[in-house]
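*Asks:* Fold the following and give me the result.
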Amino acid sequence: MVAAEPLSKCAPVCPTSVAGGLGLGLVSSHALHGHIKEHGVHIVDVEGFPLPSAWHIVHPASKKLSPLALAFKQHLLKEISRRTRKS
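*Replies:* Next comes the predicted model:
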């Protein structure tokens, strides 16, 4: 039996394990920072990937966002809109 670990614990270990010859791993591309084409780690083009995922922008309605946080939120919403129109 294999115990499932939280993704936050597995993400840094998986690319290192694959690079060490322990097999195949499935991680998000951002978890590969610095490992792409290094140490034998390669991205394999697989039909149906990347897997779609949903993200949510949340903050208390009563909280006034800092100018930086507000700019980041606006950037995210603009990117979401741009990507939605593109697909």
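*Asks:* Now residue 83: which helix or strand?
*Replies:* Using DSSP states H and E, residue 83 sits within helix 67-86.
*Asks:* what comes into contact with that helix?
*Replies:* Helix 67-86 has contacts (CB atoms under 8 Å, 6 or more residues apart in numbering) with 57, 59, 65. Heads up, the C-betas are built off the backbone N, CA and C, glycines and all.
*Asks:* Could you find the closest non-adjacent residue to the second one?
*Replies:* Pointing back at residue 59 there. residue 65 (6.5 Å; CB to CB, 6 or more residues apart in numbering).
*Asks:* Quick check: the gap between the one you found and residue 77.
*Replies:* Counting by CB to CB, to the nearest Å, the separation of residue 65 from residue 77 is 13 Å.
*Asks:* Residue 23 too?
*Replies:* Residue 23 is 39 Å from residue 77, by CB to CB.
*Asks:* who has more neighbours, the two?
*Replies:* Neighbours per residue (other CB atoms under 10 Å) separate residue 23 from residue 77, with residue 77 holding more: 11 against 8.
*Asks:* can you pull the pLDDT of the more buried one?
*Replies:* Among the per-residue scores, residue 77 shows a pLDDT of 91.
*Asks:* Ok, residue 16 next?
*Replies:* 68.
*Asks:* Run a quick neighbour tally on residue 17.
*Replies:* So residue 17, with other CB under 10 Å, has 14 neighbours.
*Asks:* Spatially nearest residue to it (excluding sequence neighbours)?
*Replies:* residue 25 (6.5 Å).
*Asks:* Where does the one you found fall, secondary structure wise?
*Replies:* Using DSSP H and E, residue 25 sits within no helix or strand.
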